[in-house]
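# the sequence isn't on hand, but the structure is:
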């Protein structure tokens, strides 16, 4: 039997990467938090950054190939290292596209959820709001103040995700528990610095209010072209746990 790339097999929901995007419009806010919440959110063997910083991005993503379409996405990430290789661990992502949610979760394990997202710009100020279960869990704004030119060279750091696929059998542990990575290649066409504001609130399923925002360190807005290909499995927790059990026997 020949299988499709994703479900349904005869007419898959999403095609195989790579995916290419054009002229994404994104705001980015970097903030300081406390080390306790970073240790809680970041799974070993990843190591959270010693500066106790996290970031949020929100924007419009415009896929060009192999599908055409736009969706809004908001994500919270933490700079980390894996075996001394720096990257970003994604703790929460919110989107208004079911197709993008399913693809991100099933391929890489991005922790994507559905949400109502507003993303608007007025007189150089970008406003955004993320609502789930009737609660505005994220409210953010960036007022652009200065264009950054030339745009600094930036390395393409991997995004790390904890991919969990549950078992179909009641009472059994997950079928897949993996640490994955994927490299997002970004080509920024415009970059602006600005003044930012950010707040988190908890809903029953999204306790973002427990993440302290101690200080806003940086705000910005950019326009980018972006590509995303398949990634790697860096660590298989189930395999490693089986090895440890056998060693103890």
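Done, it's in. No experiment lies behind these values; they were computed from the predicted model shown. Numbers count the residues shown, from 1 in each chain.
# residue ranges with poor pLDDT in the protein?
1, 241-249 (pLDDT under 70).
# for it, longest strand please?
strand 176-200 (DSSP state E).
# next helix or strand past that strand?
strand 202-203 (DSSP states H and E).
# so residue 99 touches residue 13, yeah?
Yes. The pair residue 99 / residue 13 is scored as a contact, 6.0 Å apart, by C-beta atoms under 8 Å. Quick note: C-beta positions are derived from backbone N, CA and C, even for glycine.
# separation between residue 144 and residue 119?
14 Å (C-beta to C-beta, to the nearest Å).
# no wait, residue 41
25 Å.
# how about residue 30?
From residue 30 to residue 119 the distance is 19 Å (C-beta to C-beta).
# got it, and residue 25?
8 Å.
# give me the beta-bridge partners of the nearest residue to residue 19 once chain neighbours are set aside?
The shortest distance from residue 19 to any non-neighbouring residue, by C-beta to C-beta, 6 or more residues apart in numbering, is to residue 228 (4.9 Å). Under the criterion DSSP bridges, residue 228 forms beta bridges with residue 19, residue 184.
# list the residues that contact residue 228.
17-19, 21, 182-185 (C-beta atoms under 8 Å, 6 or more residues apart in numbering).
# could you measure from residue 121 over to residue 9?
41 Å.
# okay, those two: which has more neighbours?
residue 121 (14 against 11; other C-beta atoms under 10 Å).
# does the more buried one have any beta-bridge partners, and if so which?
Taking DSSP bridges, one obtains residue 126 as the residues bridged to residue 121.
# likewise residue 78?
residue 89.
# who's in contact with it?
Taking C-beta under 8 Å, 6+ apart as the definition, contacts of residue 78 comprise 38, 41-42, 48-49, 53-55, 88-89, 91.
# could you rerun that using 6 Å?
The contact partners of residue 78, by C-beta atoms under 6 Å, 6 or more residues apart in numbering, come to 38, 42, 48, 54, 89.
# do residue 97 as well
residue 71.
# correct me, but residue 93 touches residue 75?
Yes. Using C-beta atoms under 6 Å, residue 93 is in contact with residue 75, at 4.3 Å.
# hang on, residue 34 packs against residue 210?
No. With contact defined as C-beta under 6 Å, residue 34 does not reach residue 210; the gap is 10.5 Å.
# so what's residue 49 closest to, chain neighbours aside?
residue 79 is the one closest to residue 49 (C-beta to C-beta, 6+ apart), at 4.2 Å.
# distance of the one you found from residue 181?
In terms of C-beta to C-beta, residue 79 sits 14 Å off from residue 181.
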